[in-house]
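S.K.: My questions are about this predicted structure, shown below with the sequence.
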Amino acid sequence: MLKAVFFDMDDTLCDFTSSERQARRIMCEGVARDYNLDSSLVEEVYRAISLEALKRHPNMEVNLSLWPTVQSFRAEVWGRVFSKLGLRNYEPAPSLAAQHERIRREHLRLYPDALPILNALHGHFPLVLVSNGPADVQRDEANLLGLSRFFNVMLFEGELGFGKPDRRVFDLGLSHTRSASSEVIFIGDSLLTDIQGAKGAGLQAVWVNRNGRSREDNQPQPDFEIRGLRELETILFR
């Protein structure tokens with residue numbers, strides 16, 4: 001019997017990727033305009049450097065041991081971008097990092113199917129939010145999007161010191177809801193952190209595959225695969 005439902009946040013309930021893409025484009029256009037550069041070149045350099053930085057973490061996420069805040073990550077990336085472009089007299093990287101995050105927050109939106117499913121589930125099941133990322137943005141992002149009113153518990157990697165796929169974060173959620181792992185289902189978009197982590201902790205797992213990505217044989221196998229959150233009602237209320 002299902003007793004609780006756990007959700008990932010970024011790219012499951014809200015469109016983090018689009019907001020980051022828009023912020024990156026606006027920032028790169030601004031830098032190109034200020035320094036008389038080609039905006040496509042600036043963006044190419046930014047993407048290459050940020051990808052190289054993320055590769056230091058096995059799950060392609062911001063490594064909190066290297067960058068405890070998203071500001072520290074963006075500041076390093078922007079500093080390296082300006083160095084790569086040969087710009088010596090430039091705006092301090094921390095200021096650029098703050099501007100970048102401010103623009104990203106302005107463009108962050110819930111997916112259209114997020115509120116309907118949360119309203120449908122709220123009151124029927126205890127809901128737990130489990131999100132990876134630096135502490136300086138995750139809880140603020142959840143509050144900005146109005147998610148806190150739906151969730152009994154919100155667990156953030158940056159506040160706990162551990163996150164998905166570490167089973168400790170799932171066990172903590174189970175203790176808060178007083179549920180056994182077999183009584184809980186996890187919904188997330190990442191096969192490596194969400195699905196692998198949930199399955200490793202004994203939870204059922206739903207893969208939110210909005211873009212129809214293919215799953216390789218060596219990747220974690222979800223119990224369910226959906227293209228949107230509206231499909232959850234047939235799974236959770238069956």
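M.R.: Perfect, I can see it now.

S.K.: Please, where are all the helices along the protein?
M.R.: 16-34, 39-54, 70-84, 93-107, 114-121, 138-144, 157-160, 167-177, 196-200, 232-236 (DSSP state H).

S.K.: Now do the buried residues in the shortest one.
M.R.: So the one you mean is helix 157-160. Of all the residues in helix 157-160, those buried under the rule 16 or more other CB atoms under 10 Å are 157, 158. For glycine as for every other residue, the C-beta is placed from the backbone atoms N, C-alpha and C.

S.K.: Repeat that for the longest one.
M.R.: Residues 16, 19-20, 22-28, 30-32 are the ones in helix 16-34 that count as buried (16+ other CB under 10 Å).

S.K.: cool, the fifth one as well?
M.R.: Judged by neighbour count using 16+ other CB under 10 Å, the buried positions of helix 114-121 are 114, 115, 117, 118, 121.

S.K.: quick one: the residue lying closest to the fourth one once chain neighbours are set aside from residue 178, how far?
M.R.: With CB to CB, 6 or more residues apart in numbering as the criterion, residue 118 has its nearest non-adjacent residue at 4.6 Å, and that residue is residue 150. Residue 150 sits at a distance of 19 Å from residue 178 (criterion: CB to CB, to the nearest Å).

S.K.: so what are the domain limits for the protein?
M.R.: 4-15+110-236, 16-107 (automatic domain parsing).

S.K.: now those domains in a markdown table, with mean pLDDT?
M.R.: Listed next are the domains of the chain as a markdown table, based on pLDDT from 0 to 100:
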| stretch | mean pLDDT |
| --- | --- |
| domain 4-15+110-236 | 95 |
| domain 16-107 | 87 |
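
S.K.: Check those domains for me and report the most buried one.
M.R.: Of those, the one with the most neighbours on average (mean count of other CB atoms under 10 Å) is domain 4-15+110-236, at a mean of 19.

S.K.: Any idea how far apart the tips of it sit?
M.R.: From its first residue to its last, domain 4-15+110-236 covers 10 Å (CA to CA, to the nearest Å).

S.K.: That one: how far from the chain's middle?
M.R.: A distance of 10 Å separates the centroid of the chain from that of domain 4-15+110-236, by CA atoms, centre = their mean, to the nearest Å.

S.K.: The closest residue to residue 47 other than its chain neighbours: what's it in contact with?
M.R.: In this structure, residue 47 finds its nearest non-sequential neighbour in residue 24, 7.5 Å apart by CB to CB, 6+ apart. By CB atoms under 8 Å, 6 or more residues apart in numbering, the contact list for residue 24 reads 43, 46, 47, 100.

S.K.: Roughly how far does the nearest residue to the second one once chain neighbours are set aside sit from residue 16?
M.R.: It refers to residue 46. In space, residue 46 comes closest to residue 81 once its chain neighbours are excluded; the distance is 5.2 Å by CB to CB, 6+ apart. Residue 81 sits 21 Å away from residue 16, going by CB to CB.

S.K.: just to revisit the earlier point, which residues touch the residue nearest to residue 46?
M.R.: Here residue 81 is in contact with 31, 42, 45, 46, 49 (CB under 8 Å, 6+ apart).

S.K.: rerun at 10 Å
M.R.: By CB atoms under 10 Å, 6 or more residues apart in numbering, the contact set of residue 81 is 27-28, 31, 42-43, 45-50, 87, 90, 93, 96.
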